[in-house]
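**Q** Predicted coordinates and the sequence they were generated for:
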Amino acid sequence: MRRQPDQKTTSLRNARQRQEIIIGVLVKIDESGPHVEFPTNVSGLPVAARSTTSLQKSDAGREVAMMFEFGDLTRPLIIGLIQPHRPLEPSKSVLSHIQADRIVLEANGDIVLKTKQAKLVLRENGDIEIHGRRIVSRARTLQKLLAPSLKLN
């Protein structure tokens, strides 16, 4: 003879069946807390919810990711705000100024400093390349070029 499941067992089974994430809308936040609307809401009114994330009144109208406590559709739990898609922006300068007595950059390979129209390459083999639209070299006292040979044009 088979036993009939009690209410607690049935409730737990139903809860396990409804543990998927639902996308809803944060309708408002008032003194009683957040209120959400979601596709499986049969009440026709926004439902009071709890949240695992910090929400602001200005978040009203945004999509939220939700689950339901114990699978109970009258107990929504907001687990996060859906973030709007933003195209990747080109990387911006992270560091604009370094002030130090000495800066050392070391690499096992080449070191390259590059802008849109200029490039300085320190090669692993000891070669140095300077590329630019115009290259200026100034010295206050003496400027030396030391090399076994020097080629101009």
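**A** Alright, I've got the coordinates. Numbering: from 1, shown residues only.

**Q** end-to-end on stretch 58-71?
**A** End-to-end distance of stretch 58-71: 28 Å, with CA to CA, to the nearest Å as the criterion.

**Q** same thing with stretch 83-101?
**A** With CA to CA applied, stretch 83-101 spans 44 Å between its terminal residues.

**Q** same question for that stretch, mean pLDDT?
**A** Computed over stretch 83-101, the mean pLDDT rounds to 75.

**Q** I'd like the distance from Leu73 to Ala147, if you could.
**A** 81 Å (CB to CB, to the nearest Å). For glycine as for every other residue, the C-beta is placed from the backbone atoms N, C-alpha and C.

**Q** hey, which helix or strand in the chain has the poorest pLDDT?
**A** helix 7-17 (a mean of 51; mean pLDDT, DSSP states H and E).

**Q** Residue ranges in the protein under the pLDDT threshold?
**A** Applying pLDDT under 70 to the chain flags residues 1-18, 91-96.

**Q** Apply 50 and report the result again.
**A** 11-12, 15 (pLDDT under 50).

**Q** how is it carved up into domains?
**A** Domain assignment for the chain by automatic domain parsing gives 9-81, 104-132.

**Q** Can you give me the end-to-end span of the last one?
**A** If I follow you right, that is domain 104-132. Domain 104-132 has its terminal residues 23 Å apart, counting by CA to CA.

**Q** Cool, thanks, signing off.
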